[in-house]
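Chemist: got a predicted structure plus its sequence, pasted below:
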Amino acid sequence: MKRSRVLIMLLDLPRLKPGKLRYISSTHYIDEEHRKWLDYYSVPAHGKLTLLDVSSPGVIASLWLTVAGGFSKPAVKDYLRRLIIRAYWDGESSPSIEAPLSCFFGSCYSTNTITEYHHYSSLVMGTTSGGFYTFLPMPFKRAIIEVENCSDLDVDHLYYMIGYYEGVDVSSMGRLHAVWRSENPTELGKPYLILEALGQGHYVGTVLAMEGLSQANPPSGGLGFLEGNMMIYADGELAYGSTGTEDYFLSGWYFIKGPFNAPFHGLVIKDEERFRILAYRFHIPDSIPFQRELRVMIHHGEYDEVLARYESVAYWYQVEPHSEFNRIDCSRLS
């Protein structure tokens, strides 16, 4: 399936494309008369920076950014966890994308002490040698993308590049959505909710960070939360389920062979000493359509009996307008 999709992409490569590719980056003139520029912007503590503001229809094809200073231990918690990325489509006042920067790009962390940058790459997105990137298409009639600095520290250097096609008919395309959620700890007897959405669209991916909070041996503690099944309901019916958490991520036996990267699924972290797991799964070959509503949840343990810390980003396309989803309160980020 994966090879056939890649082959279709390659066979489609020679096909002539409509429209024009446009490019926006953080390079900007600070003195046009003397042709002096900077390649980055600064974002003050509790300030915002608009990366993109386009008022004509198009499709974002690639987005890359990096943050200088965000990988040294004293600053990493504020830089990577407290930078929030948001995207607004088609003039809506409520964002369609809202997540901590590192989590949106799949490098979500699962510890209470420090935000970590983890190197990995997939066909869809990744965090590679200091950069963050995604190739998830983002259609729009109007687009605004911004970053908010929720920390008490100034971000001195934020670099970005965004490529988008203009002159494309986006009338039959859904808009990309992404929502972040977390629970610390998870609620006993109740599955962890990844997404609840209303409208018409299709589900395309999950990033999930998990950290066991019990020292008991599995399945009641440790990595025993991996006994939990994924449950995806479309229009009230179970559309996709799994026989365990690692099985949803197309692995087995508590990720027995450790971390790996594949085009649409992977294991970024397996830390058996601290009971930490970070994994991604993109439903590119098998997106899950819904006409009215979508509900995505996962059990932590067979019967939600394992205490854990869960953090997730859900990715889906849908027709606007969207219903209000979980919003990030900067004052409550831990």
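Modeler: Structure received. What you see is a predicted model; the values in this text were computed from it and never measured. Residues are numbered from 1 along each chain as shown.
Chemist: Val204 reaches Arg281, doesn't it?
Modeler: No. Counting by C-beta atoms under 8 Å, Val204 sits too far from Arg281 to count as a contact (9.9 Å). Heads up, the C-betas are built off the backbone N, CA and C, glycines and all.
Chemist: shaky segments in the stretch 201-334 of the chain?
Modeler: 334 (pLDDT under 70).
Chemist: that one: strands as residue ranges?
Modeler: For the stretch 201-334 of the chain, strands defined by DSSP state E, counting those that start in this stretch occupy the ranges 201-212, 230-234, 237-241, 260-261, 265-271, 276-282, 288-290, 293-298, 308-318.
Chemist: kindly reformat the ones you listed as TSV containing distance to Tyr88 and mean neighbour count.
Modeler: Listed next are the strands of the stretch 201-334 of the chain as TSV, based on distance: least, C-beta to C-beta, whole Å; neighbours: other C-beta atoms under 10 Å:
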stretch	distance to Tyr88	mean neighbour count
strand 201-212	17	24
strand 230-234	26	20
strand 237-241	29	12
strand 260-261	31	14
strand 265-271	29	21
strand 276-282	23	24
strand 288-290	23	18
strand 293-298	21	21
strand 308-318	15	24
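Chemist: export the ones you listed to CSV and tack on distance to Pro218?
Modeler: Formatted as CSV, the strands of the stretch 201-334 of the chain follow (distance: least, C-beta to C-beta, whole Å):
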stretch, distance to Pro218
strand 201-212, 9
strand 230-234, 18
strand 237-241, 21
strand 260-261, 21
strand 265-271, 14
strand 276-282, 12
strand 288-290, 29
strand 293-298, 17
strand 308-318, 12
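Chemist: relative to Phe325, which of those strands is closest?
Modeler: strand 308-318 (9.0 Å; C-beta to C-beta).
Chemist: elements contacting that closest one?
Modeler: helix 101-104, strand 175-183, strand 192-198, strand 201-212, strand 293-298 (3 or more C-beta pairs under 8 Å, 6 or more residues apart in numbering; DSSP states H and E).
Chemist: closest to Ala262 out of the ones you listed?
Modeler: Comparison of those against Ala262 by C-beta to C-beta identifies strand 201-212 as nearest, at 13.2 Å.
Chemist: in its sheet, what does the closest one sit against?
Modeler: The strands beside strand 201-212 in its sheet (DSSP bridges) come out as strand 276-282 (antiparallel), strand 288-290 (antiparallel), strand 308-318 (antiparallel).
Chemist: I'd like those strands as a markdown table, with distance to Leu250 appended.
Modeler: Shown next, in a markdown table, are the strands paired with strand 201-212 (distance: least, C-beta to C-beta, whole Å):
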| stretch | distance to Leu250 |
| --- | --- |
| strand 276-282 | 7 |
| strand 288-290 | 15 |
| strand 308-318 | 17 |
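Chemist: for Phe140, which of those strands is the nearest?
Modeler: If you check each of those against Phe140 by C-beta to C-beta, strand 308-318 wins as the nearest, at 12.0 Å.
Chemist: between the closest one and strand 192-198, how many degrees?
Modeler: 20 degrees (axes from the mean of the first three to the mean of the last three C-alpha atoms, to 10 degrees).
Chemist: got the angle between strand 308-318 and strand 175-183?
Modeler: Per the same axes, to 10 degrees, the angle that strand 308-318 makes with strand 175-183 is 170 degrees.
Chemist: taking strand 293-298 as reference, get the angle to strand 308-318.
Modeler: 150 degrees.
Chemist: residues near the nearest residue to Gly163 once chain neighbours are set aside, how many?
Modeler: Counting by C-beta to C-beta, 6 or more residues apart in numbering, Gly163 lies nearest to Ser62, which is 4.4 Å off, once chain neighbours are set aside. Residues lying near Ser62 (other C-beta atoms under 10 Å) number 16.
Chemist: just the element for Ser62, please.
Modeler: Secondary structure from DSSP states H and E places Ser62 in strand 58-68.
Chemist: okay, buried residues for that strand please.
Modeler: Across strand 58-68, burial judged by 16 or more other C-beta atoms under 10 Å covers 58-67.
Chemist: show the average pLDDT along it.
Modeler: Confidence over strand 58-68 (mean pLDDT, whole number) is 94.
Chemist: touching it from outside, list them.
Modeler: Contacts of strand 58-68 with the rest of the structure, by C-beta atoms under 8 Å, 6 or more residues apart in numbering, involve 19, 21-22, 40, 51-52, 79-80, 83, 101, 130-135, 137-140, 143, 145, 155-168, 170, 173.
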